[in-house]
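K.L.:
Structure for this input, please:
(chains A and B)
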Amino acid sequence: MRRIARAFCNAANRIVRRSHWYRNIYFCGADKFWRFNTFNLDVANTGSNSGKYAFNYDGLPVKGFNMALGPQSLEHDFNILKNYFSYLHEGARIIITLCPFSCLHSKYGAEARRKYYTFLHPATIDGFDDAERMEVLRFMENPFKAKPKMCIKFVVREMIGKLLYRRVSEVDFSQSAQAFIDGWKKQFGIVDLDAPLSSQHVEQMEQRAGVLRDMIDFCTARSFKPILVIPPVHPALSVFLTEKFRDRYIYDFLRKVNRPDVQFMDDMVLPGFEQDEYFINALFISELGAKRYTRIVLDRVGLLGGIDSEIR
Amino acid sequence: MVVDNSGMSIQLSNGVTMPPIGLGTYPVYGEAMCKMIVDGWDSGYRMIDTSDNYYNEEDLGVALSRLYEARNAKRGDLFLVTKISDELYPVNQPGAGTNRGIFFWKSSPMMQSPTAVHDIISRKIERSLRSLNTEYIDLLLVHRPYPDYIHEIWAEFERFYKQGVVKAIGVSNYHARNIEALSSCEVLPMVNQIEVSPLNTRKSLIEYCRSQGIKVMVFAPIMTLRTVRDSAYHDMLQGLSKKYDRTPAQVLLRWNVQQGLIPIPKSTQRSRLEENIAIFDFSLEDDDMSLIDSFNENRQYVVESKACPGF
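P.N.:
The predicted model follows:
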């Protein structure tokens, strides 16, 4: 009887571990770190969701690792880099992916923290809590035993969803762009994107500039080459992000970082990268787009030897 | 069989001498420790390596007492190495054996007092001395280059060195830039204990240490025999093993000592203890040294940045 129960539990665990909910919702894609063991990387990128969707090194003649996870702050981009830089060889490129509001503080709940327990050193997890770590790791190792009701609820819902909604609905990029803009305004308390930053935001920008500066210096001290990148956004979104906005939220931020020698690629509006097929929504790049954009960036930094020169 | 390697002592930059090979003790506990220490002594080992976070210093202390009694050995006949480290998660918890981030990390509640580094290191050294039943430690190492307190830790090490409680001080898992961070200190590290294997030859770090008069100890020197699955690697070692009429472990250990490295293999089997130390009566040809080197892929068994992020 016990053997049957164990076999059932193991089978249930296997199903849960394979589910989109367990891998991409509960652990936000952190499973890519669990078995990662490739040394001598030529390139890695950090970032939140923008970076996660923008880069895909599959099929390229380089060893690359997309370290980006979302949602997360610039501080945790840095913490991941601190934990995983041993996999890079000397002189490797580190693409630091920025997004339109990288200069401001983003607050995330405790659920955003749980993914870190599975692959980061405790000293690099903000708000680390030993009891929480134990709970998360028990769930990671044995999900069905740890939270059977939750597993059944979400995995069954996912299976039903797959059966009922096989067709991917078309994205309304204008609506998506508006949703992002409204969401950011609410999240950061901004009324007019073109207006000067509030004193509170200026303070946040100073603090964030310090983090980014430390990140750049961390890379150079270890003989890596940092590159700052803002990936393309859909034209429906870029129209909201005016020159004024960019000067205040991005260029001013980089002026405060004050590392002019570091290569910066502002690809928010990238000619030849406007097609809908390159995006999954107004902000995030599709797999097809990521493969193309990764080639563009790697070619620019000399890692591909001119393969994609026609689209520069 | 006892291998006499007493004439091959390594001299550290402060004049202290240490044996050219040592005995690793992780993870060995209880009776197994007692047996290994006595067997090790009988085989010729005179250096024993442990650490506060192997959680076996007390067991080693008991084993040493038995050794002194059973073999009429004295404390002065042995060279004891231990380390100061962060805590590890215990075996009954998820993530067992990984670092807890309690000691030497600014984020830890344990480190909020301005005298935390001093207090913790003092306590740890006292405990090591008590556990090992000794009045001095031959070589004390900082287990990892904890980036938040690299200077403070070393200042404490210098203090204990000057007091004579430790005869030599050194570091472990340090890169050249971590050692350079200590260049303005009064006492420089005498030893750097690191991972070196044919898959991770660390040539530039070894060369750097050599240029600074720092001796390089090697932990887990024969681990690749059971962790590497590449058949070409094992074929190469088997080939050399046949050529020199030695075991693959002896070939690997010889490759270490021939580079001037000080390996600390671990085994609880008497026959292997004897085998591992019987490496001072043959040499590998230069071509064979190069052949072993050619398997380098900078592959770390313990990924340094995961064990000590931001170092």
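K.L.:
and residue 171, what does it touch?
P.N.:
No chain specified, so I'll use chain A. Contacts for residue A:171 (CB atoms under 8 Å, 6 or more residues apart in numbering or on different chains) come out as A:276, A:279-281. Backbone N, C-alpha and C define where each C-beta goes, glycine included.
K.L.:
let's do chain B instead
P.N.:
By CB under 8 Å, 6+ apart, the contact set of residue B:171 is B:141-142, B:145, B:178-179, B:182, B:189, B:191-193.
K.L.:
returning to that earlier point: near chain B too, which of the contacts of residue A:171?
P.N.:
Among the contacts of residue A:171, no residue sits close to chain B (CB under 8 Å from any CB of the partner chain).
K.L.:
Any idea what the residue nearest to residue B:45 when sequence neighbours are not counted is bridged to?
P.N.:
Leaving out its chain neighbours, the residue that sits closest to residue B:45 by CB to CB, 6 or more residues apart in numbering or on different chains is residue B:23, at 4.4 Å. On the basis of DSSP bridges, residue B:23 is bridged to residue B:48.
K.L.:
Up against chain B, what does the stretch 201-312 of chain A have?
P.N.:
A:218, A:221-222.
K.L.:
and residue B:81, what helix or strand is that in?
P.N.:
Per DSSP states H and E, residue B:81 falls inside strand B:79-84.
K.L.:
Can you list the strands that that strand pairs with?
P.N.:
Here, using DSSP bridges, strand B:79-84 pairs with strand B:47-49 (parallel), strand B:139-142 (parallel).
K.L.:
Could you list the residues in contact with the helix or strand following it?
P.N.:
Following strand B:79-84 in sequence order, the next helix or strand is helix B:116-132 (DSSP H and E). Under the criterion CB under 8 Å, 6+ apart, residues B:50, B:52, B:57-58, B:60-61, B:64, B:80, B:82, B:84, B:103-104, B:110-111, B:113, B:135-137, B:140, B:149, B:152-153, B:156-157, B:160, B:165-166 lie in contact with helix B:116-132.
K.L.:
Could you point out the longest strand of chain A?
P.N.:
Secondary structure of chain A read by DSSP state E shows that its longest strand is strand A:88-97.
K.L.:
which residues does whichever residue of the stretch 151-300 of chain A sits closest to chain B contact?
P.N.:
Among the residues of the stretch 151-300 of chain A, residue A:221 lies closest to chain B, at 6.8 Å counting by CB to the nearest CB. Counting by CB under 8 Å, 6+ apart, residue A:221 makes contact with residue B:177.
K.L.:
Repeat that for residue A:26.
P.N.:
Counting by CB under 8 Å, 6+ apart, the residues that residue A:26 touches are A:114, A:139, A:154.
K.L.:
Mind giving me the packing neighbours of the helix or strand that residue A:134 is a member of?
P.N.:
Using DSSP H and E, residue A:134 maps to helix A:130-141. The contact analysis (3 or more CB pairs under 8 Å, 6 or more residues apart in numbering or on different chains; DSSP states H and E) places helix A:130-141 against helix A:110-117, helix A:143-146.
K.L.:
Compare those helices and give me the one nearest residue B:27.
P.N.:
Proximity to residue B:27 (CB to CB) singles out helix A:110-117 among the helices and strands packed on helix A:130-141, at 24.3 Å.
K.L.:
Of all the residues in the closest one, which ones are buried?
P.N.:
If you call a residue buried by 16 or more other CB atoms under 10 Å in any protein chain shown, then helix A:110-117 has these buried ones: A:112-117.
K.L.:
in chain A, which residue is closest to the centre?
P.N.:
Nearest residue to the geometric centre of chain A (CA atoms, centre = their mean): residue A:48, 2.8 Å.
K.L.:
excluding its backbone neighbours, what's nearest that residue?
P.N.:
residue A:70 (4.5 Å).
K.L.:
neighbours around that neighbour, how many?
P.N.:
Residue A:70 sits with 18 neighbouring residues when counted by other CB atoms under 10 Å in any protein chain shown.
K.L.:
what about it, is that helix, strand or coil?
P.N.:
Under DSSP: H, G, I helix; E, B strand; the rest coil, residue A:70 falls in the coil class.
K.L.:
got the residue ranges for the helices in the stretch 201-312 of chain A?
P.N.:
In the stretch 201-312 of chain A, the segments counted as helices under DSSP state H, counting those that start in this stretch are A:235-238, A:243-246, A:252-257, A:287-300.
K.L.:
just to revisit the earlier point, centre of the chain to the longest strand of chain A, how far?
P.N.:
Relative to the chain's own centre, strand A:88-97 is displaced by 16 Å; criterion: CA atoms, centre = their mean, to the nearest Å.
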